[in-house]
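>>> Sequence and predicted structure below; questions after.
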Amino acid sequence: MAYATEAEFAAFLAPDSPPAHARRLLDTASDQIDELIRFAVYEVDAEGDPVSVKVTDALTKATIYQAHYLMTTGDETGANANVSSMSQGGLSIARSFSSGGSGRSPRYSENAIGVLRLQGILPIRPRTR
């Protein structure tokens, strides 16, 4: 189940209309938010839903940002992650990567990450050897 509704997504996109596949975008975005918060710690109820309204609101907002990112990039599957230049109709996208970079497009919206970070539910785990 998505963290955001189609109505919330439509309100965010207003005055533009949501795409016909808005539900799929929200479901995919929610799955990706779940990837980001996999090791997050917050209180949940018996159904596993967050108890805190702030956490719920952050998950909704992050999901909407992520769905918008997926919609804008047109890459729900990640299949174009290594594309450095693309044209489709009147749209042309070119991404520049530093020589030290991974050569991949970011998987997650920076806005979504920021919302989760500000709410303290983006887990940061130190690497150990």
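That came through fine.

>>> Tell me where the model's unsure across the protein.
78-86, 93-104, 125-129 (pLDDT under 70).

>>> Which stretches in it count as helices?
Counting by DSSP state H, one finds helices in the chain at the ranges 6-13, 22-36, 53-73, 110-119.

>>> Relative to residue 43, which of those helices is closest?
helix 53-73 (8.2 Å; Cβ to Cβ). C-betas here are computed from N, CA, C, even on glycine.

>>> wait, what's in contact with the residue sitting nearest the centre point of the chain?
The centroid of the chain falls nearest to residue 66 when counting by Cα atoms, centre = their mean (2.4 Å). Residue 66 is in contact with 29, 32-33, 108-109, 112, counting by Cβ atoms under 8 Å, 6 or more residues apart in numbering.

>>> For those, give me a markdown table that also has distance to residue 8 and neighbour count.
Shown next, in a markdown table, are these (distance: Cβ to Cβ, whole Å; neighbours: other Cβ atoms under 10 Å):
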| residue | distance to residue 8 | neighbour count |
| --- | --- | --- |
| 29 | 12 | 28 |
| 32 | 17 | 21 |
| 33 | 14 | 29 |
| 108 | 19 | 18 |
| 109 | 16 | 23 |
| 112 | 14 | 25 |
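
>>> about what we covered before: roughly how far apart are the residue nearest to the centre of the chain and residue 45?
For residue 66, the distance to residue 45 equals 24 Å [Cβ to Cβ, to the nearest Å].

>>> can you check residue 118 too?
Residue 118 is 23 Å from residue 45, by Cβ to Cβ.

>>> quick one, which of these two is more surrounded?
Per other Cβ atoms under 10 Å, whichever of residue 118 and residue 45 has more neighbours is residue 118, with 12 against 8.

>>> ok, how many other residues are close to the residue nearest to the more buried one when sequence neighbours are not counted?
Ranked by Cβ to Cβ, 6 or more residues apart in numbering and with sequence neighbours excluded, the top spatial neighbour of residue 118 is residue 58, at 7.6 Å. Residues lying near residue 58 (other Cβ under 10 Å) number 25.
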